[in-house]
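Participant: Just a sequence and a predicted model for now, questions to come.
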2 protein chains.
Amino acid sequence: MPSAAFDVTGIGNAIVDVIAHADDAFLAANGIEKGAMTLIDAARAEELYGRMGPGIEISGGSAGNTMAGLAALGGHGAYIGKVRDDQLGGVFRHDIRAAGVRFETQPSSEGAPTARCLILVTPDAQRSMNTFLGACVELGPEDIDETLIRDSQVTYLEGYLWDPPRAKEAFRKAADIAHAAGRKVSLSLSDSFCVHRHHAEFLDLVERHVDILFANEAEIGALYGTDRFEDALEAVKGLGKVAALTRSEKGSVIVSGGSVVEVPAEPVERVVDTTGAGDLYAAGFLFGFTRGRAPELCGRLGAIAAAEIIAHVGARPEANLAELLRAKGIAA
Amino acid sequence: MPSAAFDVTGIGNAIVDVIAHADDAFLAANGIEKGAMTLIDAARAEELYGRMGPGIEISGGSAGNTMAGLAALGGHGAYIGKVRDDQLGGVFRHDIRAAGVRFETQPSSEGAPTARCLILVTPDAQRSMNTFLGACVELGPEDIDETLIRDSQVTYLEGYLWDPPRAKEAFRKAADIAHAAGRKVSLSLSDSFCVHRHHAEFLDLVERHVDILFANEAEIGALYGTDRFEDALEAVKGLGKVAALTRSEKGSVIVSGGSVVEVPAEPVERVVDTTGAGDLYAAGFLFGFTRGRAPELCGRLGAIAAAEIIAHVGARPEANLAELLRAKGIAA
């Protein structure tokens, strides 16, 4: 790929995660859809926060996690997303910059506070997410830094951007700039419920605007209206694009130029919290992709980054992933 | 002890911890005293935060941690401390209440923001703390709930309260109310540098106002001007009070009614972050003490609670400590 100042620029909902442990009874009693990302309003956020146990706050947001992961691998990343000029917005800004990611989006100075995601982690390490979008609803095309997009090999967009009202315009603007500059556009389908909410638009996006697609089994099944992975895979092959389909402990399947490779999951001693697994898989994959690596190695890098994130609470890497690769003898 | 609605009311600096990993070179380059609690102003907090790595936010504060620990053991605790009505103040309030601790102190609505402690954890699991006291400077005698103090078997005070200007008045008022109601007053010396800052006052406090003293080796040595633990122990024995002296992996020494018992440390598979070890020791000890348990069992309860906290990042318990005791077959 032609060189660029940045490997990847991620665009997403800028969110601080509030993570607490809970049991299945708590999810049931509070009407929380297990394993899903559910949008909640300010009143519901207040109510649910009041009921949940003591939490930890840690910067999150799907594309934000991916960019932090890319930086931890040694990649050059930038991020576009909207926080408010409040304390949690300061936390988000600090953390993504401290991770080594360029982040210059102007915070909003009025309106809703910085977004938060109330995440309940059950003893099976599954996470159920309840997102109050807050200031994310202010993200619009005016926040897209054209120079930055042109200077990035890949512009990476999270499907969740379809939820706030104006972010999709930002999304389309960024995709157009990227393509006009000969760059690649990548999309994560984010969540199967999100795919259902925006089904027709996502189908169009995937067919016409996306070069590199990330989805897990449930998401790709939702996109193509099938419960059978094999059928979804056939549909993906028909697109003629690069796609990485993740299957949790069954590893991932990568479609590229008509060929299909399967990559096993990386072993994990104990799965603690699956939050961010898909985000970090995308980080590893894009790190390899922007270095021109073969699909199999891209998938392995994704698997390694995902394995690190699910071994601890929180969706931002704790380990120096570049050192982890060196320790495994992987030249990426 | 006569029964009361609360086992312990803790009074302390209400702080949200911001925890990041760092190496010794970072501490040296930024002039951070390893292992100590250093007070910093708003400008230094901003500067240091800008330099440190991505963090996690988690409620802290020495006495706050102790009360959360007491509640996790099944005890009835209350807390008095000052936050502001800002986002981090809301986090602190949520977390301590969600832990099961009564917390009704009015937040300040102007002035400095909620306190934060920038904690750097080095690979040896040692923590170096940099505290911006923020809204804690507003705590005063008007915040002491007299009914609450009278209804608590023990009023527990952290030595750090001597740092903000008016908290010591609150401290003295609470001690007087407690004693007038026939209750006990407990003090943690908090930090050896804190002991040096307030040496004469701490000596007077310990001799005249405190019934149950907590200190680690460095702190009790600072109080009595000696590097020899044996000499400090002799001085403590001369007080004729209850005292628990903690010695990290060497366990603790408990002085009570002229007798001295040694309690071993609880084994820990891997020490990750020592933040909160002393706070949780005090939680376990006071849980036993308010149930009339023998000093040795009180010390063991302290050791168990401390062992849980140093096995993970953050100074609030992740485990249900009451279940942990049941699993160990300890009736407390």
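Facilitator: Structure received.
Participant: Now do the buried residues in the longest helix seen in chain A.
Facilitator: Across chain A, the helix with the greatest residue count (assigned by DSSP state H) is helix A:295-310. Going by neighbour count (16 or more other CB atoms under 10 Å in any protein chain shown), the buried part of helix A:295-310 is A:295, A:297-310. C-beta: built from backbone N, CA, C; applies to glycine.
Participant: which one of those is nearest B:Ala28?
Facilitator: If you rank these by distance to B:Ala28 using CB to CB, A:Glu308 comes first, at 28.3 Å.
Participant: Just the pLDDT for that closest one.
Facilitator: Looking at A:Glu308, its pLDDT reads 97.
Participant: Leaving out sequence neighbours, find the closest residue to it.
Facilitator: A:Ala319 (5.3 Å; CB to CB, 6 or more residues apart in numbering or on different chains).
Participant: What's the local residue count around the one you found?
Facilitator: Residues lying near A:Ala319 (other CB atoms under 10 Å in any protein chain shown) number 15.
Participant: my guess is it contacts A:Ala72, does it?
Facilitator: Yes - A:Ala319 lies in contact with A:Ala72 (CB atoms under 8 Å); the separation is 7.4 Å.
Participant: A:Gly240 reaches A:Gly258, doesn't it?
Facilitator: Yes - using CB under 8 Å, A:Gly240 makes contact with A:Gly258 at a distance of 7.4 Å.
Participant: So for these two, which sits in the more crowded spot?
Facilitator: Each of A:Gly240 and A:Gly258 has its neighbours counted (other CB under 10 Å); A:Gly240 has more, 12 against 7.
Participant: got the CA positions of stretch A:233-246 in CSV?
Facilitator: The C-alpha coordinates for stretch A:233-246 follow below in CSV (Å, rounded to 0.1, in the frame of the first residue of the first chain):
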residue,chain,number,x,y,z
LEU,A,233,-19.6,-16.9,4.3
GLU,A,234,-20.8,-17.6,0.7
ALA,A,235,-22.5,-14.3,0.6
VAL,A,236,-19.3,-12.6,1.9
LYS,A,237,-17.2,-14.4,-0.7
GLY,A,238,-19.5,-13.0,-3.4
LEU,A,239,-18.6,-9.4,-2.4
GLY,A,240,-15.0,-9.7,-3.6
LYS,A,241,-13.7,-7.8,-0.7
VAL,A,242,-11.4,-8.4,2.3
ALA,A,243,-13.5,-9.7,5.2
ALA,A,244,-12.5,-11.1,8.6
LEU,A,245,-15.3,-13.0,10.3
THR,A,246,-14.6,-13.8,14.0
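Participant: What is the distance between that stretch and the centre of its chain?
Facilitator: Between the centre of stretch A:233-246 and the centre of its host chain there is 18 Å, according to CA atoms, centre = their mean, to the nearest Å.
Participant: Repeat that for stretch A:227-246.
Facilitator: Per CA atoms, centre = their mean, the displacement of stretch A:227-246 from the mean C-alpha position of its chain is 19 Å.
Participant: Could you pull out the buried residues of that stretch?
Facilitator: A:229, A:232-233, A:235-236, A:241-246.
Participant: Repeat that for stretch A:124-139.
Facilitator: For stretch A:124-139, by 16+ other CB under 10 Å, it's A:125-139.
Participant: biggest separation within these, which pair?
Facilitator: A:Ala125 and A:Glu138 (33.6 Å).
Participant: residues contacting the residue nearest to A:Ala135 when sequence neighbours are not counted?
Facilitator: Ranked by CB to CB, 6+ apart and with sequence neighbours excluded, the top spatial neighbour of A:Ala135 is A:Arg84, at 4.1 Å. Residues near A:Arg84 by CB atoms under 8 Å, 6 or more residues apart in numbering or on different chains: A:107-109, A:111-114, A:134-135.
Participant: Same check on A:Met67?
Facilitator: A:8, A:10, A:77-79, A:96, A:99, A:101, A:156, A:283.
Participant: please redo it, this time with the cut-off set to 10 Å
Facilitator: Residues near A:Met67 by CB atoms under 10 Å, 6 or more residues apart in numbering or on different chains: A:6-12, A:61, A:75-81, A:96, A:99-103, A:156, A:279, A:282-283, A:286, A:316.
Participant: mind checking pLDDT for it?
Facilitator: Residue-level pLDDT assigned to A:Met67 equals 98.
Participant: Check A:Val16 too.
Facilitator: 98.
Participant: So it belongs to a helix, correct?
Facilitator: No - checked against DSSP: H, G, I helix; E, B strand; the rest coil, A:Val16 lies outside a helix; its state is strand.
Participant: Need phi/psi at A:Thr246.
Facilitator: With angles defined as degrees, to the nearest 10, A:Thr246 shows backbone torsions of phi -100, psi 140.
Participant: right, and it touches A:Val253 too?
Facilitator: Yes - judged on CB atoms under 10 Å, A:Thr246 makes contact with A:Val253 at a distance of 8.3 Å.
Participant: Name the residues contacting each of these two.
Facilitator: In contact with both A:Thr246 and A:Val253: A:217, A:220, A:263, A:299, using CB under 10 Å, 6+ apart.
Participant: what sits against A:Gly251?
Facilitator: A:Gly251 touches A:245, A:262-266, A:299-300, A:302-303, counting by CB under 10 Å, 6+ apart.
Participant: A:Phe26: which of those is nearest?
Facilitator: Among these, and counting by CB to CB, the member closest to A:Phe26 is A:Ala265, at 28.6 Å.
Participant: so A:Ala63 touches A:Val154, yeah?
Facilitator: No - the criterion here is CB under 10 Å, and A:Ala63 misses it with A:Val154 at 11.6 Å.
Participant: who has more neighbours, these two?
Facilitator: Using other CB under 10 Å as the criterion, A:Ala63 and A:Val154 rank with A:Ala63 on top: 30 against 24.
Participant: so what's the more buried one scoring on pLDDT?
Facilitator: A:Ala63 is given a pLDDT of 98.
Participant: For chain B, see how far away it is.
Facilitator: 16 Å (CB to the nearest CB, to the nearest Å).
Participant: quick one: secondary structure of that residue?
Facilitator: Applying three-state DSSP: A:Ala63 is helix.
Participant: what's it in contact with, if anything?
Facilitator: Neighbours of A:Ala63 in contact, by CB under 10 Å, 6+ apart: A:8-15, A:77, A:79-81, A:156-158, A:160-161, A:186, A:188, A:190, A:279, A:282-283.
Participant: Would you map the helices across chain A?
Facilitator: With DSSP H as the criterion, chain A has helices spanning A:24-29, A:42-51, A:62-72, A:87-98, A:146-150, A:167-180, A:192-197, A:199-208, A:217-224, A:229-237, A:277-289, A:295-310, A:321-327.
Participant: would TSV of those with distance to B:Asp23 be doable?
Facilitator: Shown next, in TSV, are those (distance: least, CB to CB, whole Å):
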stretch	distance to B:Asp23
helix A:24-29	39
helix A:42-51	35
helix A:62-72	16
helix A:87-98	15
helix A:146-150	32
helix A:167-180	37
helix A:192-197	40
helix A:199-208	44
helix A:217-224	40
helix A:229-237	44
helix A:277-289	24
helix A:295-310	19
helix A:321-327	13
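Participant: which one of these has the most crowded surroundings?
Facilitator: helix A:62-72 (a mean of 32; mean count of other CB atoms under 10 Å in any protein chain shown).
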